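**Q** got a sequence here, can you model it:
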Amino acid sequence: MRIRTLLALTLVTLTSLNTSVSLAATRSGENVSIWFDTGGPVGGAYNTIVQNGAQQACEDLGCDIRFLYSDWSPQKMIENTNRAIASKPDGLVVMGHPGDDAYEALIDEAQDSGIIVTSSDTELPRLMAEHQSEGFGYAGVDNKSRGTLLAQEALRRHPMKAGERALVWGLKSKPNRGLSTVGMIEALEDAGLQVDYMEISAELDKDPTLGMPLMTAYLSRNPDTQMILIDHGSLTGQLENLLRSAGVGPDEIFAAGFSLSPATAAAIQSGYVDLVGDGQPFLQGYLPVLQIVLTKRYGFSGLNINTGGGFISRDNIDLIAPLAKKGLR
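**A** Model prediction:
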């Protein structure tokens with residue numbers, strides 16, 4: 001009797017352990033399909049870090065993912081969203097560059113068909129407010145604030161007198177995304193500076209190496225420029241090459257921009273880039289995937305997460321540069 005009881009207890013215990021192991025081995029994202037628009041081109045410095053974050057989330061959670069590339073073109077983002085909706089995945093991650101109005105019909109269609117949509121990098125505030133209960137969240141930074149804060153920090157580190165010249169090279173024409181550029185310009189003008197502005201063209205948005213002759217031409221006309229702010233991650237990564245081609249040496253002009261990459265890290269170390277606003281794009285890839293899984297499995301509403309991580313300069317680049325080489329920062 002005792003032997004039978006012991007065997008029964010052992011069987012119950014083993015069954016319980018097997019069940020626990022089975023449950024532990026089941027990842028919450030298994031059988032969840034996601035399409036993710038990385039925003040930029042294949043191999044782009046910034047959107048590759050976003051992609052790395054999303055890929056890591058899928059490996060951790062067990063979901064399937066397909067990446068889309070839009071060359072930073074709002075029109076192509078809309079086209080890719082159309083393609084994704086037609087394929088009926090469980091979830092879709094968009095970047096908000098086209099704006100609320102351009103996306104509205106598509107996001108409504110996706111939600112009506114049961115696709116969970118969330119956003120990364122650039123906010124879609126009106127659509128998130130409408131669909132947040134259905135899992136529409138945002139992982140990124142407040143664009144207006146990030147531009148303002150970068151300009152203010154640049155002026156704190158490199159004080160300038162009223163009337164002195166600064167250049168902002170950005171994306172003011174784009175809805176929502178352009179607010180970062182507006183924040184830069186307003187902060188510099190509030191300090192009394194003479195602010196020149198250049199719009200990043202669609203071609204330059206896709207291929208920042210095309211900026212060399214533009215930078216050279218601008219600085220040849222405006223040799224008194226003391227500060228340059230770039231509202232573009234990949235173009236920030238080209239700053240050392242751009243300034244070298246224009247005959248500018250390290251630390252001659254205070255230069256700042258956004259988003260770390262191996263090239264930007266090297267430019268900070270060499271003195272060509274003085275300050276970088278860090279939006280932590282790895283998290284802008286990882287967290288939207290997590291958002292979709294949380295909504296799909298547990299019905300969580302959309303989370304609005306500020307991924308901004310402060311500033312990178314010579315003060316902390318030695319710590320962060322190895323992570324940039326790995327595509328994590």
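**Q** what about the residue lying closest to K174 once chain neighbours are set aside, neighbour count?
**A** In space, and not counting its chain neighbours, K174 is closest to H97: 5.8 Å by Cβ to Cβ, 6 or more residues apart in numbering. Bear in mind the C-beta positions are built from the backbone N, C-alpha and C, glycine included. Neighbour count for H97, taken as other Cβ atoms under 10 Å: 27.
**Q** where along the stretch 1-150 of the chain do the helices fall?
**A** Along the stretch 1-150 of the chain, the stretches classed as helices by DSSP state H, counting those that start in this stretch are 2-25, 45-61, 74-87, 100-112, 125-131, 143-157.
**Q** quick check: the residue nearest to K174 touching S173?
**A** No. Distance between H97 and S173: 10.9 Å, which falls outside the contact criterion (Cβ atoms under 8 Å).
**Q** in stretch 290-302, what counts as buried?
**A** L290, Q291, I292, V293, L294, T295, K296, F300, G302 (16 or more other Cβ atoms under 10 Å).
**Q** against L179, how distant is the last one?
**A** The reference is to G302. According to Cβ to Cβ, to the nearest Å, G302 stands 20 Å off from L179.
**Q** pretty sure P322 is in a helix, no?
**A** Yes. Secondary structure of P322 (DSSP: H, G, I helix; E, B strand; the rest coil): part of a helix.
**Q** how many residues are close by it?
**A** Neighbour count for P322, taken as other Cβ under 10 Å: 12.
**Q** with E240 instead?
**A** 22.
**Q** repeat for L149
**A** For L149, the tally of surrounding residues (other Cβ under 10 Å) stands at 20.
**Q** would you confirm that it contacts G279?
**A** No. Using Cβ under 8 Å, L149 is not in contact with G279, being 11.2 Å away.
**Q** where does this protein dip in pLDDT?
**A** Applying pLDDT under 70 to the predicted model, the residue ranges of the chain that meet it are 1-25.
**Q** at 80 instead, please
**A** 1-25, 309 (pLDDT under 80).
**Q** show me the strands in it, by range?
**A** Secondary structure of the chain, counting by DSSP state E: strands at 33-37, 64-68, 91-95, 116-121, 138-140, 165-170, 194-199, 225-230, 254-258, 275-277, 304-306, 311-312.
**Q** so what angle separates the directions of the second one and helix 45-61?
**A** Our comparison of strand 64-68 with helix 45-61, counting by axes from the mean of the first three to the mean of the last three Cα atoms, to 10 degrees, yields an angle of 170 degrees.
**Q** what lies in contact with strand 64-68?
**A** Around strand 64-68, the neighbours that count as contacts under Cβ atoms under 8 Å, 6 or more residues apart in numbering are 31-38, 51, 54-55, 58, 80, 83-84, 89, 289.
**Q** over to the first one?
**A** For strand 33-37, the external contacting residues (Cβ under 8 Å, 6+ apart) are 51, 54, 58, 63-70, 77, 80-81, 84, 87, 89-95, 285, 288-289, 292.
**Q** redo that, cut-off 6 Å
**A** Residues lying outside strand 33-37 but in contact with it, judged by Cβ atoms under 6 Å, 6 or more residues apart in numbering, are 54, 63-68, 70, 77, 80, 84, 89-95, 292.
**Q** and the nearest residue to T38 once chain neighbours are set aside, how many neighbours?
**A** Of all residues not flanking T38 in the chain, N47 sits nearest, at 4.0 Å (Cβ to Cβ, 6+ apart). By other Cβ under 10 Å, 29 other residues sit near N47.
**Q** check contacts around N47.
**A** The contact partners of N47, by Cβ under 6 Å, 6+ apart, come to T38, G39, G40.
**Q** who wins on neighbours among those residues?
**A** With neighbours set by other Cβ under 10 Å, the maximum within those is found at G39, which has 31 neighbours.
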